[in-house]
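Student: Quick one, what's the 3D model for this:
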Amino acid sequence: MNRMETGQARLHYLDGDYEVLSPGTYVACAVSGVHIPLDALRYWSVDLQEAYATPEIATKRFQEKKLVPE
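Tutor: Okay, here's the model as predicted:
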């Protein structure tokens, strides 16, 4: 990725990796809207195709969507 690229990236989330569909420097957390720099992105859902800023946010979202037991 060209370091001059800015703005929100579009990603396809895979198991343990992601594919860049549109280049950018960050993605937005699906719950909080916080910008997550791509080099700090650690939490996402393959099933929901969403990114999360923290493990707590991810866990809460998975519980809401009944993807894990509460």
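
Student: show me where this structure has helices.
Tutor: Secondary structure of the chain by DSSP state H: the helices cover 55-64.

Student: For residue 58, see how far away the residue nearest the centre of it is.
Tutor: Nearest to the geometric centre of the chain sits residue 51, at 1.8 Å (C-alpha atoms, centre = their mean). To residue 58, residue 51 is 9 Å away according to C-beta to C-beta, to the nearest Å. For the C-beta atoms, the positions are set from N, CA and C on the backbone; glycine is no exception.

Student: Between the two, which contacts overlap?
Tutor: Common neighbours of residue 51 and residue 58, using C-beta atoms under 8 Å, 6 or more residues apart in numbering, are 43, 44.

Student: Might one say that residue 28 is in contact with residue 36?
Tutor: Yes. Residue 28 is within contact range of residue 36, at 7.2 Å (criterion: C-beta atoms under 8 Å).

Student: When these two are compared, which one has more neighbours?
Tutor: Shown here are residue 28 and residue 36; by other C-beta atoms under 10 Å, residue 36 has more neighbours (21 against 15).

Student: show me what contacts the more buried one?
Tutor: Going by C-beta under 8 Å, 6+ apart, residue 36 touches 26, 27, 28, 29, 51, 53.

Student: any shared contact partners between residue 28 and residue 36?
Tutor: What both residue 28 and residue 36 touch, as defined by C-beta under 8 Å, 6+ apart, is the set residue 51.

Student: Quick one: residues contacting the residue nearest to the centre of the chain.
Tutor: Shown in contact with residue 51 (C-beta under 8 Å, 6+ apart): 11, 13, 27, 28, 29, 30, 36, 41, 43, 44.

Student: Likewise for residue 38?
Tutor: Applying C-beta under 8 Å, 6+ apart, we find residue 38 in contact with 1, 9, 24, 25, 26, 27.

Student: low-scoring stretches of this structure, by residue?
Tutor: By pLDDT under 70, the weakly predicted segments of the chain are 1-5, 70.

Student: residues near residue 29, how many?
Tutor: Counted by other C-beta under 10 Å, the residues lying close to residue 29 total 21.

Student: In this model residue 53 seems to touch it, though I could be wrong.
Tutor: Yes. The pair residue 29 / residue 53 is scored as a contact, 4.0 Å apart, by C-beta under 8 Å.
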